[in-house]
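K.L.:
Predicted model and sequence follow; I will ask about them next.
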Amino acid sequence: MKATLLKIAALSITLLSTTPAFAQNLTHINQLIETNLCAACNLAGADLSGAHLIGADLRNADLSGANLQDVNLEGADLTGANLQGANLKGAFINSATLTRTNLEGVNLTDANLSFADLSDANLSAANLSNINLIGANLQDAVIPKEMLGLVQ
């Protein structure tokens, strides 16, 4: 009897101490997935990897620390969005609007940003390894110093 009570107590303590903490707003995640409209949403820390968000309205959204690996954001509007520290590895972001977007410390390895508007975007400390910027607008963008000679 005592052994059973000890096992139950140990299991209860384990379950209570491993309750996950979610930074993102689940209502906003569902709204984005269902409607493709989520301007000014709180999606910080959200796992949207592999999502098809073609033409999504994410103006002024908080996507800081979000996992957007292999996401399709073709033609999406991310004007003024905060993507600081997000993972956009392998993302397809061509023809998207990223004007005044905070991309500080973002992982854009293998991302396709062809014909994207990155004017006034902050790309400081971003990982731009093997990035496609063909036809992208980088007017007044903050670009990592090591990339300045490579970007036209």
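P.N.:
Nice, thanks for sending it over.
K.L.:
which stretches of this structure form helices?
P.N.:
Taking DSSP state H to define them, one finds helices in the chain at 2-17, 26-35.
K.L.:
who touches D70 in this structure?
P.N.:
By C-beta atoms under 8 Å, 6 or more residues apart in numbering, the residues touching D70 are 49-50, 89-92. C-beta here means a position set from N, CA and C on the backbone, and glycine is covered the same way.
K.L.:
quick check, nearest of those to E146?
P.N.:
For E146, the closest of these turns out to be K89, at 18.5 Å, with distances computed as C-beta to C-beta.
K.L.:
could the contacts of D70 go into a markdown table alongside neighbour count, distance to L103 and pLDDT?
P.N.:
Compiled in a markdown table, these are given as follows (neighbours: other C-beta atoms under 10 Å; distance: C-beta to C-beta, whole Å; pLDDT from 0 to 100):
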| residue | neighbour count | distance to L103 | pLDDT |
| --- | --- | --- | --- |
| S49 | 16 | 17 | 97 |
| G50 | 13 | 20 | 97 |
| K89 | 20 | 13 | 98 |
| G90 | 18 | 16 | 98 |
| A91 | 28 | 11 | 98 |
| F92 | 20 | 16 | 98 |
